[in-house]
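1. Kindly generate the corresponding structure for this input.
(4 chains)
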Protein chains: 4
Amino acid sequence: MDKYTSKLSLWKWPLLRECFAEFLGTFLLVTFGDGSVAQAMLSRGTAGDQNTIAWSFGVGITTGVLVSGGVSGGHINPAVSLAMVCLGRLPLKKFPVYALAQYLGGFLASVFIYLVYTDALDKFDGGNRETEGPLATAGIWATYPQPYVSIGNGFGDQVFATALLVICVLAITDKYNSQPSTGLAPFLVGFVVVGIAMAFGLNAAFAINPARDLAPRIFTACAGWGSKPFSFRSHKWFWVPVVGPHLGALTGAAVYELCVGIHWPDRYTVEDRYAPATSSDAGSGNRDMKMESVVHNADAPVRI
Amino acid sequence: MDKYTSKLSLWKWPLLRECFAEFLGTFLLVTFGDGSVAQAMLSRGTAGDQNTIAWSFGVGITTGVLVSGGVSGGHINPAVSLAMVCLGRLPLKKFPVYALAQYLGGFLASVFIYLVYTDALDKFDGGNRETEGPLATAGIWATYPQPYVSIGNGFGDQVFATALLVICVLAITDKYNSQPSTGLAPFLVGFVVVGIAMAFGLNAAFAINPARDLAPRIFTACAGWGSKPFSFRSHKWFWVPVVGPHLGALTGAAVYELCVGIHWPDRYTVEDRYAPATSSDAGSGNRDMKMESVVHNADAPVRI
Amino acid sequence: MDKYTSKLSLWKWPLLRECFAEFLGTFLLVTFGDGSVAQAMLSRGTAGDQNTIAWSFGVGITTGVLVSGGVSGGHINPAVSLAMVCLGRLPLKKFPVYALAQYLGGFLASVFIYLVYTDALDKFDGGNRETEGPLATAGIWATYPQPYVSIGNGFGDQVFATALLVICVLAITDKYNSQPSTGLAPFLVGFVVVGIAMAFGLNAAFAINPARDLAPRIFTACAGWGSKPFSFRSHKWFWVPVVGPHLGALTGAAVYELCVGIHWPDRYTVEDRYAPATSSDAGSGNRDMKMESVVHNADAPVRI
Amino acid sequence: MDKYTSKLSLWKWPLLRECFAEFLGTFLLVTFGDGSVAQAMLSRGTAGDQNTIAWSFGVGITTGVLVSGGVSGGHINPAVSLAMVCLGRLPLKKFPVYALAQYLGGFLASVFIYLVYTDALDKFDGGNRETEGPLATAGIWATYPQPYVSIGNGFGDQVFATALLVICVLAITDKYNSQPSTGLAPFLVGFVVVGIAMAFGLNAAFAINPARDLAPRIFTACAGWGSKPFSFRSHKWFWVPVVGPHLGALTGAAVYELCVGIHWPDRYTVEDRYAPATSSDAGSGNRDMKMESVVHNADAPVRI
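-> Next up, the predicted model:
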């Protein structure tokens, strides 16, 4: 125990552990999500549709949070991590490390999707990797808007959908609100994304996560699709699902705090309301301690 | 703490907090719900069908209750609030304030659905906002019955489906019945609405909530659809999904109480059976207190 | 309290309460289930398919158990009640009363489905209520097998699917097995029925519940379909979804007990393993007491 | 109690009990899974699609774990059992017995699927049991790859998808991670398989379980499909969904341990992190004891 309470170990090893968890969590998210797009697209809709894509992204989020929730808080999304920084639930200096781990997870998942569906890809497009047109497959990895959606509308779409995500994440994890049990939260966050896919997936395929969009986009640019994933729409699109979600996450955090958070009695600080975002922030480097503190804290609400 | 126990603060601030929560909750409900209708309709069924619409409404209800459940009880529906008034779970004087917050939430959600899908709308109907016909889009916001459904049948449909909703909500929140954990309840209420969408969505698109129907209808009347949303069927339809749900909610509350509630032992009063509908009604203005009282009340059942 | 411990009240009022709960629970099951079949059939598949039917039956089971679980154990199926009698979880003398309440719930639900969809029915079949052929609508209420399914195969199908249901119900409620929380159990039972609808719904529409099949069949015979619902296949079919589920429920109970139940240590009696099927059987006529006894019984496993 | 603590009884009877549980659990998994494939295939897609197949496999996993989780840990998959052996969660000597029980469960389920769908099979293929071609039905039982998928790609597909499964299973059951309640875990594991079916079902129908693939394959070889289920692709395919999942399960266990497991504080041993895989391994032969030990162990985290 002692070795985990020293400043050094708190910084050195827990952060490594948190990075691995965010890496694996984002890997699972992109694997399940993009895998379902691959299955639907490469089967020309015979083995997948909007329902399978939505639910599979939900499974990806749920498993991503399950695998990392007890270690790093289960952000698996740089935009969510940014919102947590602004809420004081993640130290700013950890943000770039988290984001890097998330992008790497998304990139590795892209590689595996390519490997697992390599024969199906070749069968589908005859080896010509296209970004646009009837045989386009780049949409398996990164997101591209409908032809009729303007950059402005697409940007608003990303901001709005990510704000919805963050509002719901904060509601789920605010321990003074509806109080889902710790183990139910990953499913509920996944369920939220199912809804986003079904209600806001039409315009631009609900990226709402830069690690799920930019990392796979870089992969496609490296893996045979050339510069098209970035030059699409005269280089005016690729930044939208990167900047939009960050702005949306901040908006969502502000909305939740304005509508719910600031109205709690004064003594409910953000630190009090949310469990520590990462296990090491709880001061002992392990979740077990965090749980004990909840149990032994007479002021804490009973979570059931 | 003390400042929250004073009569003034109990009335002034908790009600404001509850209104914001109901506002945000109804906003989420209508956003996810109407968003999924927009996605299915504007993609001409290629990116949505009855399954996505049903599940997305379920997500909307679940997130709406998650975001407001710990603050205001998570009604997000004036008809449900009315039933709570009749059961003594909401003070009558709060009802108009709750309802107003809910209608405003529904209206704001309508605005955002319009903004997010503005390019898709223009592509779909060429800028001609129609309420009837093959290019009609008003159904994204408010509900319209099938041509063969009479006003009487449509009214009965609304009464019946809302009664089902309220019966299930009371069963889920009655702490002497099956006792889902606090955090599971929002999902279960959402799941109920999934079923209503799948079983009673054909006749008139399962409004079952005036804030989800009237507020978006007013929006469409303001935003380019003209008087048609109200003059549809010679002004005989628009009131049905407003009056019907209120009547249905009362019916549902009566049915649950007659079949289950009144048969509990006498000492189980309504106050005893249900958690306070709003946190301020618990006497301390915060949920944490409410939880403590449950824990410290030796007569209360153990909720697991 | 005292008045509920007297023999008289234990018999008189709790049984009435249990009957109302089973009545309302079965009403909800048949309402959601048959409602979804009506929506899919009357819209000619445009507003429903096998997915909506399966999930809506799942919602029906979940809500049916939620509304009655804390009162009567949530059987909402005479075949399940019979299995509970054989396991000693329901007194034999209560069985006919439970079954009657369940059949009445199924019948009343049939009436409401007819009323809610009366205009759609007339539009679909022009007022000619048919049991067979392209405009047949009797299948909204009762189940009819595929033309190629023999009586023997259909009977086996009903026995098998009901056995699956009961095996799963016993696993969910056996407190020494996987221990879902009380509030999760209704959802899990509903989820099982979703699977049965998706895997064993082809042959004969997964009745697996006499109250969901015979009561609606009687309704159709009274409401304009004439003798056909019973004379279908020379009067050789209608008894199959009545007798088959009873036999299947007994088979399922035997299989679970043989594979799991009898292998628990001897001191785990059936009474010990399962919570009392009905609240009155717990000796105090209310669930709160049952819960207390669990909590205060040091030998009982911790349910989380 | 004493008789269960003796070495003999601990070995003799608990193992029998665990085998029966694994047998019944695998039976349920294959029954729901293959039943849904039969329904979709034999109805030519009118009563099933990729959505119903995915969800029904999810129900099969959920019910399989529910029925066996409290007895044997709910592996219902020889590859998962192998991973548990490597993690020290299952004694090696139990592995062959578990695997045998799982294969027998899969085989018996295959028999029942055949019996339940015998008339539908004859109607579909006229009695000619085919493994390839438009009337092929062998795919109801065992898995066959798409024509364009090479053996190497198919093998990688099986390794990858099974690794995903095991990563998620370990995350769900690791009590220092996100901590779903015991009763929620079966649903979450089923939900993971829903995602795998939707994202990695295209190449080779997501066997990811030798007991779900080899046992049904043997059945088809015995039941009229001749040698084709094994001679398919010159005897080069049938071993892929047997060997691949074993390798994938080991890979998944290694990945989870490398990314999460080894980073927990040293004092968290594997024995400490996971509940005993089988009830008898907990030292008392019943789950109730296991639970007590959790409760009385002051070092254990609080599971809620």
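2. The residue in the stretch 151-300 of chain A positioned nearest to chain C: neighbour count?
-> Closest contact between the stretch 151-300 of chain A and chain C, by Cβ to the nearest Cβ, is at residue A:181 (8.7 Å). (Each C-beta comes from the backbone N, C-alpha and C, glycine too.) Residue A:181 is flanked by 20 other residues according to other Cβ atoms under 10 Å in any protein chain shown.
3. What does the pLDDT read for it?
-> pLDDT for residue A:181: 76.
4. Are we agreed that it is in a strand?
-> No: counting by DSSP: H, G, I helix; E, B strand; the rest coil, residue A:181 is not found in a strand; it is coil.
5. Let me know whether it touches residue D:181 as I believe.
-> Yes: Residue A:181 is within contact range of residue D:181, at 6.1 Å (criterion: Cβ atoms under 8 Å).
6. residues near the residue of the stretch 51-200 of chain A found nearest chain C, how many?
-> Of all residues in the stretch 51-200 of chain A, the one sitting closest to chain C is residue A:51 (7.5 Å; Cβ to the nearest Cβ). Residue A:51 has 25 neighbours, counted by other Cβ under 10 Å.
7. from what I can see residue A:75 touches residue A:82, true?
-> No: if you go by Cβ under 8 Å, residue A:75 and residue A:82 don't touch, sitting 9.1 Å apart.
8. Look at those two and report which has more neighbours.
-> Higher neighbour count among residue A:75 and residue A:82: residue A:75, with 34 against 24, using other Cβ under 10 Å.
9. doesn't the more buried one fall inside a helix?
-> No: Residue A:75: not assigned to a helix; according to three-state DSSP it is coil.
10. The spatially most central residue of chain A and residue C:21: what is the separation?
-> Chain A has residue A:77 as the residue nearest its centroid, 3.2 Å off, counting by Cα atoms, centre = their mean. Distance, residue A:77 to residue C:21, using Cβ to Cβ, to the nearest Å: 44 Å.
11. do the same with residue A:90
-> Distance from residue A:90 to residue C:21, counting by Cβ to Cβ: 48 Å.
12. the more surrounded of the two?
-> Counted by other Cβ under 10 Å, residue A:90 and residue C:21 do not tie: residue C:21 has more neighbours, with 31 against 24.
13. quick one: contacts for the more buried one?
-> B:259-260, B:263, C:67-68, C:71-72, C:74 (Cβ atoms under 8 Å, 6 or more residues apart in numbering or on different chains).
14. So which of the residues you listed belong to strands?
-> Members of those lying in strands (criterion: DSSP state E): none.
15. Looks like the residue nearest to the centre of chain A contacts residue A:212 (just checking).
-> Yes: counting by Cβ under 8 Å, residue A:212 is a contact partner of residue A:77 at 7.4 Å.
16. Name the residues contacting each of these two.
-> What both residue A:77 and residue A:212 touch, as defined by Cβ under 8 Å, 6+ apart, is the set A:26, A:29.
17. Near the closest residue to residue A:178 other than its chain neighbours, how many other residues are there?
-> Distances taken as Cβ to Cβ, 6 or more residues apart in numbering or on different chains put residue B:69 closest to residue A:178, at 3.7 Å, once the chain neighbours are dropped. Neighbour count for residue B:69, taken as other Cβ under 10 Å: 29.
18. Could you check how far residue B:69 is from residue A:179?
-> In terms of Cβ to Cβ, residue B:69 sits 8 Å off from residue A:179.
19. what touches both of those two?
-> With Cβ under 8 Å, 6+ apart, residue B:69 and residue A:179 have common neighbours residue B:182.
20. Report the buried residues of stretch A:89-97.
-> The neighbour-count check on stretch A:89-97 (16 or more other Cβ atoms under 10 Å in any protein chain shown) flags A:89-91, A:94-95 as buried.
21. how long is that stretch end to end?
-> 15 Å (Cα to Cα, to the nearest Å).
22. Figure out how far it is from the centre of its chain.
-> When distances are taken as Cα atoms, centre = their mean, to the nearest Å, stretch A:89-97 is centred 16 Å away from the chain's centroid.
23. repeat for stretch A:252-264
-> With Cα atoms, centre = their mean, you get 21 Å for stretch A:252-264.
24. Tell me where chain A has strands.
-> Along chain A, no stretch is classed among the strands by DSSP E.
25. Which parts of it are helices?
-> Remark: helices assigned in chain A by DSSP state H are A:2-5, A:7-42, A:50-72, A:78-86, A:95-116, A:118-125, A:151-173, A:185-199, A:210-222, A:228-235, A:240-259, A:270-273, A:287-296.
26. Summarise which helices and strands the third one is packed against.
-> Right, helix A:50-72. In terms of contacts (3 or more Cβ pairs under 8 Å, 6 or more residues apart in numbering or on different chains; DSSP states H and E), helix A:50-72 is packed against helix A:7-42, helix A:185-199, helix B:50-72, helix D:50-72, helix D:151-173, helix D:185-199.
27. Now the fifth one: buried residues?
-> Judged by neighbour count (16+ other Cβ under 10 Å), helix D:151-173 contains these buried residues: D:153-173.
28. same thing with the longest one?
-> Buried residues in helix A:7-42, defined by neighbour count with 16+ other Cβ under 10 Å: A:10, A:13-15, A:17-42.
29. check contacts around residue A:162.
-> Residue A:162 makes contacts with A:79, A:208-209, A:244-249, A:251-252, as judged by Cβ under 8 Å, 6+ apart.
30. Now the two most distant members of those.
-> Within the contacts of residue A:162, two members stand farthest from each other by Cβ to Cβ: A:209 and A:251, at 15.2 Å.
31. So the two - more neighbours on which side?
-> Neighbour totals were compared for residue A:209 and residue A:251, and residue A:209 leads with 32 against 18 (other Cβ under 10 Å).
32. What's the separation between the more buried one and residue A:172?
-> 17 Å.
33. How about residue A:41?
-> Distance from residue A:41 to residue A:172, by Cβ to Cβ: 31 Å.
34. now swap in residue A:15 and tell me
-> 25 Å.
35. pLDDT score for the closest residue to residue A:18 other than its chain neighbours?
-> Spatial nearest neighbour of residue A:18, chain neighbours left out: residue A:72 (3.8 Å); criterion: Cβ to Cβ, 6+ apart. pLDDT, residue A:72: 90.
36. Likewise for the one 10 residues further on?
-> You'll see residue A:82 listed with a pLDDT of 96.
37. Let me see the contact set for it.
-> Taking Cβ under 8 Å, 6+ apart as the criterion, residue A:82 is in contact with A:95, A:246, A:249-250.
38. ok, and of the residues you listed, which contact chain B?
-> Applying Cβ under 8 Å from any Cβ of the partner chain, the subset of these adjacent to chain B is empty.
39. tell me the two of these that are most distant?
-> A:95 and A:250 (12.9 Å).
40. quick one: low-confidence ranges for chain A?
-> In the predicted model of chain A, residues A:1-13, A:265-273, A:275-304 satisfy pLDDT under 70.
41. Columns distance to residue B:144 and neighbour count on top of the contacts of residue C:21, output as CSV?
-> Formatted as CSV, the contacts of residue C:21 follow (distance: Cβ to Cβ, whole Å; neighbours: other Cβ atoms under 10 Å in any protein chain shown):
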residue, distance to residue B:144, neighbour count
B:259, 33, 24
B:260, 35, 26
B:263, 41, 20
C:67, 31, 35
C:68, 36, 35
C:71, 40, 30
C:72, 41, 33
C:74, 37, 28
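42. and which of those is nearest residue B:195?
-> After measuring these against residue B:195 - Cβ to Cβ - the closest member comes out as residue C:67, at 13.1 Å.
43. for the closest residue in space to the closest one that isn't next to it in sequence, what are its contacts?
-> Once flanking residues are discounted, residue C:67 sits nearest to residue B:171: 4.0 Å by Cβ to Cβ, 6+ apart. Residue B:171 sits next to B:177-178, B:256, B:260, C:63, C:66-67 when contact means Cβ under 8 Å, 6+ apart.
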